[in-house]
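Enquirer: Build me a model from this:
(2 chains)
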Amino acid sequence: MLEGILLGLQTAFSIQMLLMVIGGCLIGTFIGMLPGLGPMSIIAIMIPVAISMGDPAAAIILLAGVYYGAIFGGSTSSILLNAPGVAGTVATSFDGYPLAKKGQAGKALTVAAIASFCGGTIGAVLLMVFAPALSSVALLFHSAEYFALMVVGLSAIAAFAGTGQVSKALLMTVVGLMLGTIGEGTMFSLPRFTMGIMDLQSGLSFVTLAMAMFALPEALFLVLNPPKPGAGKSEEIKELGITRQEAKSIAPVIGRQSIQGFFIGVLPGAGATIASFLGYAVERNIASKDEQKEFGKGSIKGLAAPETANNAACTGSFVPLLTLGIPGSGTTAILLGALIALNVTPGPRLMIDEPQIFWAVIISMYIGNVVLLVLNLPLIPYIAKILTIPRNYLIPYILFFTLMGAYIGQNNATELLILVGFGVCATALKFADYPLAPLLIGFILGGMLEDNFARSMQLYDGIAFILQRPMTMVLLGIAISLVLLPTLRAKRAKIRSEGIAEGD
Amino acid sequence: MALDRWIALILLGFCIIYGYTAWFAMDVGLAPFMKRNPVWPSTFPKILSILGATASLIILLGFEKNKEKVTDIDYRRLHEYKLGQAILLLLLMVVYALFLRPAGFMISTGLFLILGSVILGERKLYIMIPIALILTFFVWYLVQEVLGIYMRPYPAWLGG
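Expert: Below is the predicted model of the structure:
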């Protein structure tokens, strides 16, 4: 491990990589601050840049920087405007905005910055410990187990990522897998579902799909429903310091939430958003009676909890990506797509084949957190000025970068039409409360899933591999129960609530 | 019928067409040696079509209890939002896609950014136009010179 750390230090401390970290964090912070734009759309927009750099280590460091920068920046708009830029920072506004209204915006931002820094850093330490351990276990896996593991990942995402309805998330996953089969297949390179269109021969581009699923609908939502002017007047930021007593009171919160957030982040389907809400709820429940009353009215504990948890969860979500090559969230799915485009396949072999990438990412997380702390503490009053950019300027530029991203990837104007078409479909899906992340994850994992499925079918000459490999069977059993359990639970709740009038 | 069930119906149709192709149309031209393989190019799509059709039927028939949840935008009152602006912007994107090659990057991007702001109601032309032009040039420089991806800057008849 020491060897690895040294290798990581060597790679991450080159001028180029340092610039990538700083650049990524800056871009992430800026855009994460803008209400309505999540980390997924920013990363989707940044992918063409990252891919055309050609260096996988630099690319993933840049994108990871953008990711945690966005989570960091999202908290600023939550606190100052009560307009969370990122879903993972919604819980931050519960206590952050009341604090800002009391005239303590500076203190709130400081607490958020410290909590995020600690969450991210402790998360990185845990990542360093757990990722190598998990990846040595993963090396024992066979393609049958890989297939089963991906099914588990996909069904966990379907079960947790949706906003309640498992069947919707499941349908989206399957549609994503179906879209992934368009083009030349893994078997014999036969073109499938191309309808004779040459442009579809190489399949849909994942960058285009990512833009269409996230960046375009978010921008359209901003157009349709502009944030009310004056809804949140930016408070003047002053008094950045916190007292020793306050620091003492949030220290245990930060410790607990770093660990809890990290492990929630590791689970597929559960990401920064769930971690932050859960962190907030847990801390409110275990706080003393007097402190509990403060929650929601400007408690610094209530602010520190979600901020720590969401940053730790961000780091945690890198564990399945780096060790198994299976993304647990939409954001890491996009990162996976970018890595595959750069000819690096994340998975247990990553640590052995490309240790410099693996360790450089981890080391860059430490650097990134320091950069963010420096960026945020003294500079935040100036950075927050970006919130005053009028949307009339902002939206055309976001749309333009979306188009450019799709165009650069393929150098093909047809891609832009596909982007707009899918974007409109995605917006309609978003209206009807269909989760979009499972679709993209299904699309990205589809190829690998089919590869492993085909390989195990060939090795065992048929479907028998499920019966002959106990671990595969157990994993598939878990996958089925993940999908069925919420449905059964909902059914039981329905039976129990019979007789109660439904307010429809 | 609510929008989510309409979408489920459309996706069910999609799954049926997809499934028809996978089950009946795809294997016709399969070479004999491929047929000896335990897994065919159509095997995985066959499984997917069944899963997809099942999931969309569950939504369509309302087996799973649906908590009516209003997202940020209530689509039933779509006309109360700035729908016109959104549609115009989408049209602008399509026009941009069609004109990017023939008109060249500089002209089409500059116009896209300016018109985009105009659609959204910006009228301060003296700020808008310089910003759009500077950004257009900056992005072109970045893509062409720094990233090394060729992008035709001027219209085709200028030989760019």
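
Enquirer: what mean pLDDT would you report for whichever strand or helix holds A:Ile334?
Expert: Counting by DSSP states H and E, the element that carries A:Ile334 is helix A:330-341. Mean per-residue pLDDT for helix A:330-341: 84.

Enquirer: buried set for the next helix or strand along the chain from it?
Expert: For helix A:330-341, the following helix or strand on the C-terminal side (DSSP H and E) is helix A:350-353. Going by neighbour count (16 or more other CB atoms under 10 Å in any protein chain shown), the buried part of helix A:350-353 is A:350-351. C-beta here means a position set from N, CA and C on the backbone, and glycine is covered the same way.

Enquirer: helices or strands up against helix A:350-353?
Expert: With contacts taken as 3 or more CB pairs under 8 Å, 6 or more residues apart in numbering or on different chains; DSSP states H and E, helix A:350-353 sits against helix A:105-138, helix A:318-323, helix A:355-383.

Enquirer: Now do the residue of chain B found nearest chain A against A:Pro226, distance only.
Expert: At 2.7 Å from chain A, B:Gly116 is the closest residue in chain B, using CB to the nearest CB. Separation of B:Gly116 from A:Pro226 (CB to CB, to the nearest Å): 15 Å.

Enquirer: one step back: what is the neighbour count of the closest residue to the residue of chain B closest to chain A other than its chain neighbours?
Expert: Setting aside the residues directly before and after it, B:Gly116 is nearest to A:Pro396 in space (CB to CB, 6 or more residues apart in numbering or on different chains), at 2.7 Å. Using other CB atoms under 10 Å in any protein chain shown, A:Pro396 has 27 other residues around it.

Enquirer: What about A:Ser14, how many residues nearby?
Expert: Other residues close to A:Ser14 by other CB under 10 Å number 13.

Enquirer: gap between it and chain B?
Expert: From A:Ser14 across to chain B, the span is 19 Å (CB to the nearest CB, to the nearest Å).

Enquirer: What residues does the stretch 251-400 of chain A have near chain B?
Expert: Contact residues, the stretch 251-400 of chain A versus chain B (CB under 8 Å from any CB of the partner chain): A:390-393, A:395-397, A:399-400.

Enquirer: buried subset of those?
Expert: A:391-393, A:395-397, A:399-400.

Enquirer: Report pLDDT for residue 121.
Expert: The chain I'm using is chain A. At A:Thr121, the pLDDT value in this model is 91.

Enquirer: meant chain B actually
Expert: For B:Gly121, pLDDT reads 82.

Enquirer: Report the spatially nearest residue to it, omitting neighbours in sequence.
Expert: A:Asn392 is the one closest to B:Gly121 (CB to CB, 6+ apart), at 6.1 Å.

Enquirer: For the one you found, grab phi and psi.
Expert: phi -60, psi -30 (degrees, to the nearest 10).

Enquirer: do A:Pro191 as well
Expert: With angles defined as degrees, to the nearest 10, A:Pro191 sits at phi -70, psi 140.

Enquirer: Excluding chain neighbours, give the residue nearest to it in space.
Expert: Spatial nearest neighbour of A:Pro191, excluding adjacent residues (CB to CB, 6+ apart): A:Glu184 at 5.3 Å.

Enquirer: I'd guessed the one you found sits against A:Phe193; true?
Expert: No. The pair A:Glu184 / A:Phe193 is not scored as a contact, 10.5 Å apart, by CB atoms under 8 Å.

Enquirer: So between those two, which is more surrounded?
Expert: A:Phe193 (19 against 16).

Enquirer: that's a helix at A:Asp451, yeah?
Expert: Yes. Read with DSSP: H, G, I helix; E, B strand; the rest coil, A:Asp451 is one of the residues of a helix.

Enquirer: So the closest residue to A:Ala215 other than its chain neighbours versus B:Tyr154, what's the distance?
Expert: Nearest residue to A:Ala215 in three dimensions, chain neighbours excluded: A:Ser41, at 3.7 Å (CB to CB, 6+ apart). A:Ser41 sits 31 Å away from B:Tyr154, taking CB to CB as the criterion.
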